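quick one: sequence and predicted model below, then my questions.
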Amino acid sequence: IEALLEHPRCKGNQMYLCSLAPEARPLIHYKKLPDNSVIIIGPAGDFTPEEEQIFVQHGAHRVSLGPHVLRSE
């Protein structure tokens with residue numbers, strides 16, 4: 001997480017953390033994302049609450065991609 005937050009792409013840009021947390025707002029709520037936005041998608045099973053808190057403390061917005069859990073292999 002620390003390496004990602006230190007990446008030049010994340011510094012100073014708006015971050016959106018895809019989350020399964022109930023307080024996550026639907027991504028569609030943000031009508032137009034800035035061109036320099038960073039969307040963070042976590043591992044299977046989602047981020048731990050502690051990991052999410054680190055991202056939120058660094059300015060990330062929790063967002064939901066909808067009612068279904070998306071998986072890829």
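Right, received. Where do you want to start? Numbering: from 1, shown residues only.

out of everything not next to it in sequence, what's closest to the most centrally placed residue in the chain?
Taking Cα atoms, centre = their mean as the criterion, Leu17 is the residue nearest the geometric centre of the chain, at 0.7 Å. Spatially, and ignoring its direct neighbours in sequence, Leu17 is nearest to Ala60 (4.3 Å; Cβ to Cβ, 6 or more residues apart in numbering). All C-beta spots, glycine's among them, are computed from the backbone N, C-alpha and C.

related to what we said a few turns ago, secondary structure of the residue nearest to the centre of the chain: a helix, I assume?
No - secondary structure assignment places Leu17 outside any helix; it is strand (DSSP: H, G, I helix; E, B strand; the rest coil).

that one against Gly59, yeah?
No - if you go by Cβ atoms under 8 Å, Leu17 and Gly59 don't touch, sitting 10.0 Å apart.

residue boundaries of the helices in this structure?
2-6, 49-57 (DSSP state H).

of those helices, which shows the lowest average pLDDT?
For the helices of the chain, the bottom mean pLDDT is recorded on helix 2-6, which sits at a mean of 87.

and that helix, which residues are buried?
Leu5 (16 or more other Cβ atoms under 10 Å).

would you mind writing the CA trace of that helix as CSV?
What follows is the C-alpha trace of helix 2-6 in CSV, where atoms were taken according to Å, rounded to 0.1, in the frame of the first residue of the first chain:
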residue,chain,number,x,y,z
GLU,A,2,2.8,2.4,0.9
ALA,A,3,4.5,1.9,-2.4
LEU,A,4,1.3,2.6,-4.3
LEU,A,5,0.6,5.7,-2.3
GLU,A,6,4.2,6.9,-3.0
